[in-house]
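Student: Below are the sequence and a predicted model for it; my questions follow.
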Amino acid sequence: MTIELVPLCTLTGRLGTPFDLGQTPVGRRVIFEVLEGSADGERLSGRQVGRVNGDWLTIGPDGTGTLDVRLLVETDDGALVLIQYLGRVDTTRAGAPIYSSPRFESGDARYQWLNKIQAVGKGILDGSTLTYEVHEVR
């Protein structure tokens, strides 16, 4: 059985100043607001909307960062799509790649196909800009 990766979009977000809660019962918690963002691709394209877009990052004692992200995107043709993903990053290495596993939710008939797919992403943080290449797994 072969895994195929089909390009879906590039996700780009500008992060705000992080809120560092320090050590919590689950590890060091750092919350990043995503101030603005976009999805750019042939099959999914739009802009981030709303004010509750962010990453509730947890960093373990070994420096493993666990992502917990939620974003709301309004597509170029007016549909709303919730993007949620978990992922990992090695916070001990500057410039380390960030790996994610996006899932999508939409009630709009034009985008309900997204509800049935699993995606993977690989990203990089450059200053306050986070960019992911996202692919559908087939």
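Tutor: Good, I have the coordinates.
Student: From here on, just use CA atoms for contacts and neighbour counts.
Tutor: Will do.
Student: Burial check on Val89, number of neighbours?
Tutor: Neighbour count for Val89, taken as other CA atoms under 10 Å: 21.
Student: Gly60 is in contact with that one, correct?
Tutor: No: Val89 sits out of contact with Gly60 when judged by CA atoms under 8 Å, with a separation of 10.8 Å.
Student: Just checking the distance from stretch 97-112 to the centre of its chain.
Tutor: 10 Å (CA atoms, centre = their mean, to the nearest Å).
Student: Restrict it to CA atoms and write it as CSV.
Tutor: Written as CSV, here are the backbone C-alpha positions of stretch 97-112 (Å, rounded to 0.1, in the frame of the first residue of the first chain):
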residue,chain,number,x,y,z
PRO,A,97,10.6,22.0,11.1
ILE,A,98,7.1,21.9,12.5
TYR,A,99,4.9,18.9,11.7
SER,A,100,1.1,19.0,11.7
SER,A,101,-1.9,16.8,11.0
PRO,A,102,-4.8,19.1,9.9
ARG,A,103,-8.4,18.1,9.9
PHE,A,104,-11.2,20.2,8.5
GLU,A,105,-14.9,20.9,9.2
SER,A,106,-17.4,22.6,6.9
GLY,A,107,-21.1,22.5,6.6
ASP,A,108,-21.0,24.1,3.1
ALA,A,109,-21.8,21.6,0.4
ARG,A,110,-18.9,22.8,-1.8
TYR,A,111,-16.4,22.0,0.9
GLN,A,112,-17.8,18.9,2.6
